[in-house]
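**Q** Sequence first, then the predicted structure:
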Amino acid sequence: MSSVQYRVVFGKKDEVVEGPDDAALVITVSAADAAGDPTSLYMQGKLKAVGSSGELFELLRSKEVSRVLARLASRP
């Protein structure tokens, strides 16, 4: 699997980013939505992904997206 960058947006110019800048897949969600089910959020258009859909679906199935987004959204 190629590299992934996760972005949780708290507000304009306020986001937490994890992963390389040259990632093949970039997943972005607002902090308010980050606690929800990522698959549902993607289907509702609240979770955005740029890159391979196949890789995204594989990550969604593995529950990794859920774990990472929850951790990033709970910043101190």
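**A** Sure thing, it's come through.
**Q** what ranges do the strands span in the protein?
**A** Counting by DSSP state E, one finds strands in the chain at the ranges 4-11, 14-18, 25-30, 48-50.
**Q** Just put these in CSV and tack on mean neighbour count and distance to L59.
**A** No exception for glycine: its C-beta is placed from N, CA and C like everyone else's. Output for the strands of the chain, formatted as CSV (neighbours: other CB atoms under 10 Å; distance: least, CB to CB, whole Å):
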stretch, mean neighbour count, distance to L59
strand 4-11, 18, 7
strand 14-18, 14, 13
strand 25-30, 20, 8
strand 48-50, 15, 9
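**Q** Throw those strands into a markdown table and include distance to R67 and mean pLDDT, thanks.
**A** Formatted as a markdown table, the strands of the chain follow (distance: least, CB to CB, whole Å; pLDDT from 0 to 100):
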| stretch | distance to R67 | mean pLDDT |
| --- | --- | --- |
| strand 4-11 | 10 | 95 |
| strand 14-18 | 12 | 94 |
| strand 25-30 | 12 | 97 |
| strand 48-50 | 16 | 96 |
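**Q** could you redo the ones you listed as JSON lines and give each row distance to V68?
**A** Shown next, in JSON lines, are the strands of the chain (distance: least, CB to CB, whole Å):
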{"stretch": "strand 4-11", "distance to V68": "5"}
{"stretch": "strand 14-18", "distance to V68": "7"}
{"stretch": "strand 25-30", "distance to V68": "8"}
{"stretch": "strand 48-50", "distance to V68": "13"}
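**Q** Alright, that wraps it up for me.
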